[in-house]
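Peer 1: Here is the input, now give the coordinates:
(one chain, ligands or ions: 2)
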Amino acid sequence: MIKIVTVIGARPQIIKAAALSRAIKNHYNTSIKEIIVHTGQHYDENMSRVFFTELGIPEPDYNLNAGSGTHGKQTAAMITGIEEILLSEEPNGIILYGDTNSTLAGAIAASKLHIPVIHIEAGLRSFNKAMPEEINRILCDHVSTLLFSPTKTGYINLQNEGFKINNTKPYTADHPKIYSSGDVMYDNSLYFSGLAEKKSDILTKHRLTKNKFILATIHRNNNTDEPKRLNALFKTLHRISEAHTIDVILPLHPRTAKLLQQNLNAELYKLILSSKHIKQVEPVSFLEMIVLEKNCSIVMTDSGGVQKEAFYFKKPCIILRAETEWIELVECGSAIIADADEEKILDAYNALTSNANLIYPEFYGDGKAAEFICEEMLANLS
Ligand code: UD1
Ligand code: UDP
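Peer 2: Numbering: from 1, shown residues only. Ligands and ions are numbered 1, 2, ... in the order given. Alright, predicted model coming up:
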């Protein structure tokens with residue numbers, strides 16, 4: 001039996017963790033013991049608890065209640081808490097997801113204690129170090145022992161940074177193993193897709209017509225914190241909704257909700273609030289999100305996870321950022337990078353909605369990435 005500590009904290013990590021917890025429960029409950037640590041980075045009911053209940057994730061064994069704060073303050077509180085837990089639990093490894101401050105805190109605490117780091121979503125790069133996430137993911141990768149990249153691009157990025165593909169056992173932080181494993185979020189989207197349709201009434205609740213609405217999310221720090229960008233994004237959403245008489249459903253991240261009134265110009269703010277088409281709602285559950293993704297006509301987002309889920313459900317996507325880590329979405333033509341640029345977004349909207357020949361190749365594995373990761377942990381951690 002191996003013991004692993006899983007660290008989660010932000011919304012997408014809680015959702016990602018469901019795939020591995022499910023695989024452990026169904027296939028490895030006599031060989032892998034999972035201890036779950038919630039850092040408390042996200043704490044609102046609809047940013048955290050809802051996912052445990054809905055996705056059957058076991059209750060966290062520990063909650064650090066780190067909460068919000070500056071990067072330094074937040075990350076430091078998490079490091080302190082995670083270090084204490086690792087010292088008392090003495091696990092065979094720590095599982096870290098993605099690129100948030102919770103990921104970085106886990107990587108620092110574990111690597112200093114010589115506990116192997118298993119990084120899920122390794123190798124993704126935006127090549128933009130102005131993004132806090134780019135710093136977090138690079139630092140985490142470079143102290144990891146087992147690195148699971150969801151894509152071929154990520155696997156190649158790691159090689160370009162000096163990771164070797166022919167390292168042999170035993171693996172350590174100085175002698176790590178890299179994999180192209182497929183994406184645990186693809187596992188989850190496949191698994192929860194059918195259940196979502198049966199459970200959620202979100203379309204009727206918001207009077208949305210199938211295949212005739214835009215699903216939009218905005219939460220990236222440069223989009224919310226830079227008034228110029230936030231104004232451009234909301235102005236364009238409003239313009240498209242009016243010009244095409246189409247509804248936009250916008251589940252708003254609390255970060256964005258808090259900054260909207262402050263950073264939008266007063267006239268635009270009023271227009272958005274009084275718009276017949278723009279439906280600003282609280283963050284929705286994952287099953288509700290899947291229903292929105294499956295039934296919308298197009299996705300507009302700066303979220304990493306939502307870009308990919310659009311693709312899983314064969315929907316075109318306008319990426320409201322200057323770059324993406326999921327570059328294969330753009331290369332195959334089903335997504336377009338439009339940044340926070342009004343003209344680029346309008347062009348992308350016209351191009352994607354008028355193209356009947358978009359393609360969605362199988363880039364993200366076979367839906368069994370979590371089982372693969374469990375097998376490799378069992379073979380390589382002791
Ligand atoms: C974090 C991640 C980002 C990820 C996102 C997923 C980092 C550096 N960023 O960004 O990569 O895409 O999570 O959603 O880790 N807030 C609440 N309630 C909550 C959580 C947050 O009100 O439950 C508000 C607070 O005002 C907080 C702000 O949102 O200051 C930002 O939260 P934080 O966790 O620092 O970063 P995110 O923008 O959520
Ligand atoms: N998500 C959700 N409800 C929402 C918005 C997003 O369940 O209101 C899910 C979404 O389906 C995806 C994940 O949260 O699985 C993405 O998280 P987010 O956009 O916060 O972060 P990112 O992926 O950009 O790090």
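Peer 1: Residue 110 against residue 94, yeah?
Peer 2: Yes. Using CB atoms under 8 Å, residue 110 is in contact with residue 94, at 4.3 Å. C-beta here means a position set from N, CA and C on the backbone, and glycine is covered the same way.
Peer 1: quick one: common contacting residues for those two?
Peer 2: Residues touching both residue 110 and residue 94 by CB atoms under 8 Å, 6 or more residues apart in numbering: 86, 116-117.
Peer 1: Sort out which one of the residues you listed lies nearest ligand 1 for me.
Peer 2: Checking those against ligand 1 with CB to the nearest ligand atom, the nearest one is residue 117 at 17.0 Å.
Peer 1: ok so, going back, quick one: mark the members of the shared contacts of residue 110 and residue 94 that sit in strands.
Peer 2: Among the shared contacts of residue 110 and residue 94, DSSP state E puts residue 117 in strands.
Peer 1: Top of the shared contacts of residue 110 and residue 94 by number of neighbours, please.
Peer 2: residue 117 (27 neighbours; other CB atoms under 10 Å).
Peer 1: tell me the contacts of that one?
Peer 2: Residue 117 neighbours (CB under 8 Å, 6+ apart): 93-94, 96, 106-107, 110-111, 140, 143-146, 173.
Peer 1: where does the spatially closest residue to residue 283 that is not a sequence neighbour land on pLDDT?
Peer 2: In space, and not counting its chain neighbours, residue 283 is closest to residue 46: 4.5 Å by CB to CB, 6 or more residues apart in numbering. Per-residue confidence (pLDDT) for residue 46: 98.
Peer 1: What of residue 305?
Peer 2: For residue 305, the pLDDT comes out at 98.
Peer 1: was I right about it contacting residue 15?
Peer 2: Yes. Using CB under 8 Å, residue 305 is in contact with residue 15, at 7.4 Å.
Peer 1: ok so, going back, would you format the contacts of residue 117 as CSV with pLDDT, distance to residue 266 and neighbour count included?
Peer 2: CSV is the format used below for these (pLDDT from 0 to 100; distance: CB to CB, whole Å; neighbours: other CB atoms under 10 Å):
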residue, pLDDT, distance to residue 266, neighbour count
93, 98, 52, 22
94, 98, 48, 28
96, 98, 42, 31
106, 98, 42, 31
107, 98, 43, 26
110, 98, 48, 29
111, 98, 48, 19
140, 98, 41, 27
143, 98, 47, 18
144, 98, 47, 27
145, 98, 53, 24
146, 98, 52, 24
173, 98, 52, 16
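Peer 1: CSV for those, including distance to ligand 2?
Peer 2: Shown next, in CSV, are those (distance: CB to the nearest ligand atom, whole Å):
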residue, distance to ligand 2
93, 23
94, 20
96, 14
106, 16
107, 17
110, 21
111, 23
140, 14
143, 21
144, 19
145, 24
146, 22
173, 25
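Peer 1: joint contacts of residue 305 and residue 15?
Peer 2: Counting by CB under 8 Å, 6+ apart, the residues touching both residue 305 and residue 15 are residue 185.
Peer 1: confidence score at the residue located most distally from the centre of the chain?
Peer 2: Of all residues in the chain, residue 267 has its C-alpha farthest from the mean position, at 32.7 Å, by CA atoms, centre = their mean. We note a pLDDT of 97 for residue 267 in this prediction.
Peer 1: and residue 203, how many neighbours?
Peer 2: Other residues close to residue 203 by other CB under 10 Å number 18.
Peer 1: quick one: contacts for residue 161?
Peer 2: Here residue 161 is in contact with 138, 141-142 (criterion: CB under 8 Å, 6+ apart).
Peer 1: Next up, the contacts around residue 180.
Peer 2: 149, 151-152, 154-155.
Peer 1: Which residue, neighbours along the chain excluded, lies closest to it?
Peer 2: residue 155 (4.1 Å).
Peer 1: Check the burial of that neighbour by counting its neighbours.
Peer 2: Residue 155 has 20 nearby residues by other CB under 10 Å.
Peer 1: pretty sure it contacts residue 164?
Peer 2: No. Residue 155 is not in contact with residue 164 according to CB under 8 Å; the separation is 12.0 Å.
Peer 1: what's the overlap in contacts for these two?
Peer 2: residue 178.
Peer 1: coming back round to it: secondary structure class for the residue nearest to residue 283?
Peer 2: helix (DSSP: H, G, I helix; E, B strand; the rest coil).
Peer 1: and it, how many neighbours?
Peer 2: 15.
Peer 1: Distance-wise, check it relative to residue 288.
Peer 2: 10 Å (CB to CB, to the nearest Å).
Peer 1: Tell me the residues of this protein that contact ligand 1?
Peer 2: 10-12, 41-44, 47, 68, 99-101, 132-133, 219, 221, 253-255, 258 (CB under 6 Å from any ligand atom).
Peer 1: Could you tell me which residues of the protein lie near ligand 2?
Peer 2: Counting by CB under 6 Å from any ligand atom, the chain sits next to ligand 2 at 11-12, 15, 217, 219, 251, 283-286, 289, 303-306, 309.
Peer 1: Tell me which stretches of the stretch 101-250 of the chain form helices.
Peer 2: 101-112, 132-141, 152-160, 184-199, 202-205, 221-225, 227-243 (DSSP state H, counting those that start in this stretch).
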